[in-house]
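Undergrad: coords please:
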Amino acid sequence: MKKLKIAGYILSGVQLVLSVLVIYMAMSTKFVPFAYGLIGSLILVALVALNVFLATKESKKTRIAGIITSSVLIIILAIASYYLYVTNKAIDDVTGVKTEIEEINVYVAKEDEVSSINEAVEKNYVFGLCLTDDQSHIYETIKEIQNDTGSTLQTKDYETIFDLVKGFEAGEIQSFITNAGNLLALDSSEDYKDYSTKVKIIMENTIEEEIEEKQESKIDDDHFCMYFSGIDTFGSVTVKSRSDVNIIGVINNETKQVLLISTPRDYYVELSTSNGKKDKLTHAGIYGIDASMDTLEKLYDVQLSHYVRLNFSGFQDIIDQLGGIDVNSEYAFTSVTAEGTYSFSKGVNHLNGAQALGYARARYAFKDGDRQRGRNQMQLIKATIEKLESSDMLKNYSNVMDQMEGSFQTDMSKDEVGYLVKSTLENGDWEVLTYSVGGDDATKVCYSLGTEAYVMIPNQDDINYANELIDRVLGNEDVTQDEINTYIETKDSEDLIDEESVQLDEELEDSTED
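TA: Numbers count the residues shown, from 1 in each chain. Alright, predicted model coming up:
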């Protein structure tokens, strides 16, 4: 009996320590409302007191019952501590990120026998430089090469990546130094499609820099707009790269509404870094996430207070860990990617990670092209969030959290994210509304390429309606998805009538000439 009493006290002590640890770690997430934490603390303290009380009873059965109860609670608390540790680590890693990485590479022809920068310098190669690159990072790379080799590099400047590659093909230079994103952008052009497969890297220089903070008025934590940037690469989510997903999130924490506005990647707009010249919106990402934000702010006349970076390739692993997601497709279509061919039916589709990535990438299968791709990507984000909120999340929790670190980052602080989560726990779930702007297909000269490429000319009516929705959501006005869908259907019908009228006019003109 004495041993049972001592065992009961020891286990109660361990239970108390773990209870304090669990409460501390739960509150450290910043996600738990104070009232919930207080109630949880009182319950855990009461359970410790109960087991101490059972240990003092003279009945052998009572003491054994107390030991069993305490042992079970210790196991539960230990598991809870582990999950809270994983959660805290993931939150710390993905929040408050205010740096990004630029990859400056040195390239030579794929068949070139040179395999290192030292060999290229020894052979007196002339290195081409692109003036649209961040020149401070280019010269930082050159300085590093010169310090390592003890030689002065011969260089030749070109206005654009298109001019540089033309010079490279003509033999004016034997190598070139540029941002890795420039090569990816060139890959999509007609003249140099998939050009990155024809060259090889002989030196990589990774430069980390602080993202310049904007001087702005105090952010309203309950009403603000943020930028969701989705990069479609298999590299780090912090790397400067084309942004294939460009979504403005309009947050109203009072009405619990989130409006997601998708802007096509090929929207032909003035970049904040292009001195008034126009380019595809996706190319703004090459110059940093702040360039993408500034460009969208000018397009929509809106202030973007925060950003979230998503790596859709990283999402592939998260979706697999969750056991797949369910997406309701508007159309039956097929998506052809480098990784495979995927077919989707109209209605609900259960997608694994690879299929979800194919779903997110498809655009040529739709009449609306990028506009429909934007809708599909917003569907994937919503479906993934819903799955993360389900019980399936617990089945592979730690692996999901690990994958989250590599595919999601935000400059929002832990406290700012926690404020929204606590508000959700206290006041209910969010209603997510979606809208995507459109435009007309065209071929125009792009600033970052220096040559013509496919672009989408913005539809000003769509921009105006998006601005109207932003103002209404931020102003606590009632907005419904049905209302947005009705506007889209009405506008599409009007556009169809306009197209038919133009076609009839052309036919009438042809018949008159005949």
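Undergrad: Only C-alpha atoms from now on, for both contacts and neighbour counts.
TA: OK.
Undergrad: So Q481 is in contact with T434, correct?
TA: Yes: using CA atoms under 8 Å as the test, Q481 is close enough to T434 to be in contact (7.2 Å).
Undergrad: more neighbours, those two?
TA: Ranked by neighbour count (other CA atoms under 10 Å), Q481 and T434 place T434 first, with 19 against 14.
Undergrad: wait, is the more buried one part of a helix?
TA: No: assessed with DSSP: H, G, I helix; E, B strand; the rest coil, T434 is strand; it does not lie in a helix.
Undergrad: so is the closest residue to it other than its chain neighbours in a helix, a strand, or just coil?
TA: Distance criterion CA to CA, 6 or more residues apart in numbering; nearest residue to T434, sequence neighbours excluded, is L260 at 4.7 Å. Look at L260: counting by three-state DSSP, its state is strand.
Undergrad: Okay, and the beta partners of L260?
TA: Beta-bridge partners of L260, counted by DSSP bridges, are G249, T434.
Undergrad: How about the contacts made by it?
TA: L260 makes contact with I247, I248, G249, V250, M378, V432, L433, T434, Y435, according to CA atoms under 8 Å, 6 or more residues apart in numbering.
Undergrad: out of those residues, who's nearest G13?
TA: V432 (46.3 Å; CA to CA).
Undergrad: Next, count neighbours for the nearest residue to that closest one once chain neighbours are set aside.
TA: Spatial nearest neighbour of V432, chain neighbours left out: V258 (4.8 Å); criterion: CA to CA, 6+ apart. Counted by other CA under 10 Å, the residues lying close to V258 total 21.
Undergrad: so how far is R371 from Y307?
TA: Computed as CA to CA, to the nearest Å, the Y307 to R371 distance reads 21 Å.
Undergrad: before we move on, what about V432?
TA: Distance, V432 to R371, using CA to CA: 18 Å.
Undergrad: more crowded one of these two?
TA: Comparing V432 with R371 by other CA under 10 Å, the one with more neighbours is R371, at 21 against 17.
Undergrad: name the helices or strands packed onto the one helix or strand that one maps to?
TA: Assigned by DSSP states H and E, R371 falls within helix 370-388. Under the contact definition 3 or more CA pairs under 8 Å, 6 or more residues apart in numbering; DSSP states H and E, helix 370-388 sits against strand 257-262, strand 325-329, helix 353-361, strand 431-436.
Undergrad: so it versus strand 325-329, what angle?
TA: For helix 370-388 against strand 325-329, the angle by axes from the mean of the first three to the mean of the last three CA atoms, to 10 degrees is 150 degrees.
Undergrad: and helix 370-388, which residues are buried?
TA: By 16 or more other CA atoms under 10 Å, the buried positions in helix 370-388 come out as 370-381, 383-384, 387-388.
Undergrad: Of those, just say which sits nearest to Y465.
TA: Distances from Y465 to the buried residues of helix 370-388, taken by CA to CA, are shortest for R371, at 15.2 Å.
Undergrad: Let me know whether the closest one touches Y267 as I believe.
TA: No: contact criterion CA under 8 Å: R371 and Y267 do not qualify, at 10.2 Å.
Undergrad: Strands along the stretch 1-150 of the chain, start to end?
TA: Using DSSP state E, counting those that start in this stretch, the strands of the stretch 1-150 of the chain run over 99-109, 126-130.
Undergrad: okay, those, which one's buried deepest?
TA: Of all the strands of the stretch 1-150 of the chain, strand 126-130 carries the top mean neighbour count, a mean of 23, counting by mean count of other CA atoms under 10 Å.
Undergrad: any idea of the mean pLDDT in it?
TA: Averaged across strand 126-130, the pLDDT comes to 96.
Undergrad: what's V336 sitting at in phi/psi?
TA: Here is the backbone geometry of V336 (degrees, to the nearest 10): phi -110, psi 120.
Undergrad: cool, and S241?
TA: S241 has phi and psi values of phi -160, psi 170 when expressed as degrees, to the nearest 10.
Undergrad: Hmm, L183 and it touching each other?
TA: No: with contact defined as CA under 8 Å, S241 does not reach L183; the gap is 10.3 Å.
Undergrad: quick one, which of those two is more surrounded?
TA: It is S241, of S241 and L183, that has more neighbours when counted by other CA under 10 Å, with 30 against 21.
Undergrad: so who does the residue nearest the centre of the chain touch?
TA: In the chain, the centroid-proximal residue (CA atoms, centre = their mean) is L310; its distance is 1.6 Å. Taking CA under 8 Å, 6+ apart, we find L310 in contact with F228, S229, G230, I231, V237, S407, F408, Q409.
Undergrad: Which elements pack onto the lengthiest helix in the chain?
TA: Selection of the longest helix in the chain by residue count, based on DSSP state H, yields helix 60-94. If contacts are counted by 3+ CA pairs under 8 Å, 6+ apart, helix 60-94 sits against helix 2-28, helix 34-56, helix 397-407, strand 408-410.
Undergrad: In contact with T160, which residues?
TA: Neighbouring residues of T160 by CA under 8 Å, 6+ apart: C130, L131, T132, Y447, S448, L449, G450.
Undergrad: One more pass at 6 Å, please.
TA: T160 sits next to C130, L449, G450 when contact means CA atoms under 6 Å, 6 or more residues apart in numbering.
Undergrad: Pick the one among those residues closest to I76.
TA: Nearest to I76 out of these is L449 (CA to CA; 58.0 Å).
Undergrad: so is the closest one in a helix, a strand, or just coil?
TA: coil.
Undergrad: tally of neighbours for it?
TA: Residues near L449, counting by other CA under 10 Å, number 23.
Undergrad: Surely it and V165 touch.
TA: No: L449 lies out of contact with V165 (CA atoms under 6 Å); the separation is 10.3 Å.
Undergrad: how close does N476 get to K256?
TA: 10 Å.
Undergrad: More neighbours: which of these two?
TA: In this view N476 and K256 are compared by other CA under 10 Å, and K256 has more residues nearby, 19 against 15.
Undergrad: Grab the nearest non-local neighbour of the more buried one.
TA: Leaving out its chain neighbours, the residue that sits closest to K256 by CA to CA, 6+ apart is W430, at 4.8 Å.
Undergrad: got it, and N311?
TA: That would be S407: by CA to CA, 6+ apart, it lies 4.6 Å from N311.
Undergrad: Tell me who's in contact with that neighbour.
TA: S407 neighbours (CA under 6 Å, 6+ apart): V237, L310, N311, G314.
Undergrad: now L77
TA: For L77, no residue counts as a contact, taking CA under 6 Å, 6+ apart as the criterion.
Undergrad: per-residue pLDDT, it?
TA: Looking at L77, the pLDDT reads 96.
Undergrad: Please tell me how far it sits from A55.
TA: From L77 over to A55 the distance is 20 Å, taken as CA to CA.
Undergrad: repeat for E172
TA: Distance, E172 to A55, using CA to CA: 87 Å.
Undergrad: neighbour-wise, which of the two wins?
TA: Set E172 next to A55 and count neighbours by other CA under 10 Å: A55 wins out with 28 against 15.
Undergrad: ok so, going back, specify the angle between the longest helix of the chain and helix 34-56 in degrees.
TA: Using the same axes, to 10 degrees, helix 60-94 lies at 150 degrees relative to helix 34-56.
Undergrad: in stretch 320-340, what counts as buried?
TA: Burial within stretch 320-340, assessed by neighbour count using 16+ other CA under 10 Å, is assigned to 320-329, 333-336.
Undergrad: Least confident of those?
TA: The minimum pLDDT among the buried residues of stretch 320-340 falls on V336, with 82.
Undergrad: Now it: closest residue in space that isn't a chain neighbour?
TA: Spatial nearest neighbour of V336, chain neighbours left out: Y342 (6.5 Å); criterion: CA to CA, 6+ apart.
Undergrad: pretty sure that neighbour is in a helix, no?
TA: No: counting by three-state DSSP, Y342 is not part of a helix but strand.
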